[in-house]
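**Q** how would this look folded up:
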Amino acid sequence: MNEQMLRDLLSAVGSGDLNVDDAVERLRHLPFEPMGFANVDHHRSIRCGAGEVIFCPGKTPEQVAAIFEKLMQTGGNVLATRADQGAFEAVAQRCPQAIYDLLSRTITLRQGEQGPAVGHVAIVAAGTSDLPVAEEARVTAELMGAKVTTHYDVGVAGLHRLLACREELTSALAIVVTAGMEGALASVVGGLVGAPVLAVPTSVGYGASFGGLAALLAMLNSCASNVSVVNIDNGFSGGYIAAMINRQSVGE
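**A** Model (predicted):
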């Protein structure tokens, strides 16, 4: 249940369109619902502006599907990350409207009236190998209501490709940069724009990249003051934080 749904519920009680007993029944599982293996947080969207997100690794397909169904019943959008085909098949049995995106490894469900996308979040990927992480960021930001543009395969080995999209990047309210190898792209983008840059190091690269550690350390040592860094391969956090910045920037 999001804030608007709660307001609508209280308004219905106030106007007499909904009796108190029915309202109590709808609120019975708030703020969280115990499931034995999980406590589903139904109040997170009210507190934080976005609902709870399901991280699939370590959960059985049946657990993912059960949590997904509980979140679906509140009427808001639902997102599951790092999902495999087995998790999606279990979810689809309970929620046929759910959509699986293989590249981003996400399962999404959009519910209710969807307003127009607002603001501008730019997602930048150094190379094609970084796309799974970049797409995770894109799906997350879009589900949170942000207007998103993508700029892929614009790494520093061919800097002219990045400069070709500079105008669009300078209009963004927040930018997510995904890069592996030496992770230099985040600093370059940070030096071109006046918006916050969320740098996401990826585990792409040869042996000395140490599974993304080299990119992580390079991004943490960025000389661009507008660059902040999330964990290796964490496109979700990059997209989530960018969407929050975007939302506050447009005054929602």
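
**Q** which residue ranges form the strands in this protein?
**A** Shown for the chain, the strands assigned by DSSP state E span residues 32-34, 39-41, 54-55, 78-81, 99-101, 106-109, 118-125, 146-152, 174-179, 197-201, 227-229.

**Q** OK, contacts around residue 192?
**A** Applying C-beta atoms under 8 Å, 6 or more residues apart in numbering, we find residue 192 in contact with 162, 166, 169, 170. Backbone N, C-alpha and C define where each C-beta goes, glycine included.

**Q** And for residue 13?
**A** Contacts here follow C-beta under 8 Å, 6+ apart; on that basis residue 13 touches 19, 20, 23.

**Q** how close does the second one sit to residue 84?
**A** Look at residue 20 and residue 84: by C-beta to C-beta, to the nearest Å, they are 44 Å apart.

**Q** what does the last one give?
**A** Using C-beta to C-beta, we find residue 23 at a distance of 39 Å from residue 84.

**Q** With pLDDT, distance to residue 61 and neighbour count added, can I get the contacts of residue 192 in CSV?
**A** Shown next, in CSV, are the contacts of residue 192 (pLDDT from 0 to 100; distance: C-beta to C-beta, whole Å; neighbours: other C-beta atoms under 10 Å):
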residue, pLDDT, distance to residue 61, neighbour count
162, 94, 40, 20
166, 92, 44, 13
169, 96, 39, 22
170, 95, 44, 13
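
**Q** Who wins on neighbours among the contacts of residue 13?
**A** Among the contacts of residue 13, the one with the most neighbours (other C-beta atoms under 10 Å) is residue 23, at 14 neighbours.

**Q** Find the residue closest to that one in space, skipping its chain neighbours.
**A** Closest residue to residue 23 apart from its sequence neighbours, by C-beta to C-beta, 6 or more residues apart in numbering: residue 13 at 5.0 Å.

**Q** Reformat the strands of the chain as TSV; add distance to residue 48.
**A** Formatted as TSV, the strands of the chain follow (distance: least, C-beta to C-beta, whole Å):
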stretch	distance to residue 48
strand 32-34	14
strand 39-41	9
strand 54-55	15
strand 78-81	13
strand 99-101	23
strand 106-109	18
strand 118-125	18
strand 146-152	15
strand 174-179	17
strand 197-201	17
strand 227-229	19
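
**Q** As a markdown table, those strands with distance to residue 188, mean neighbour count and mean pLDDT would be great.
**A** What follows is the strands of the chain, written out as a markdown table (distance: least, C-beta to C-beta, whole Å; neighbours: other C-beta atoms under 10 Å; pLDDT from 0 to 100):
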| stretch | distance to residue 188 | mean neighbour count | mean pLDDT |
| --- | --- | --- | --- |
| strand 32-34 | 43 | 13 | 72 |
| strand 39-41 | 38 | 17 | 77 |
| strand 54-55 | 31 | 18 | 95 |
| strand 78-81 | 28 | 24 | 96 |
| strand 99-101 | 28 | 16 | 96 |
| strand 106-109 | 28 | 23 | 96 |
| strand 118-125 | 10 | 26 | 96 |
| strand 146-152 | 12 | 20 | 97 |
| strand 174-179 | 9 | 31 | 98 |
| strand 197-201 | 10 | 30 | 98 |
| strand 227-229 | 10 | 20 | 97 |
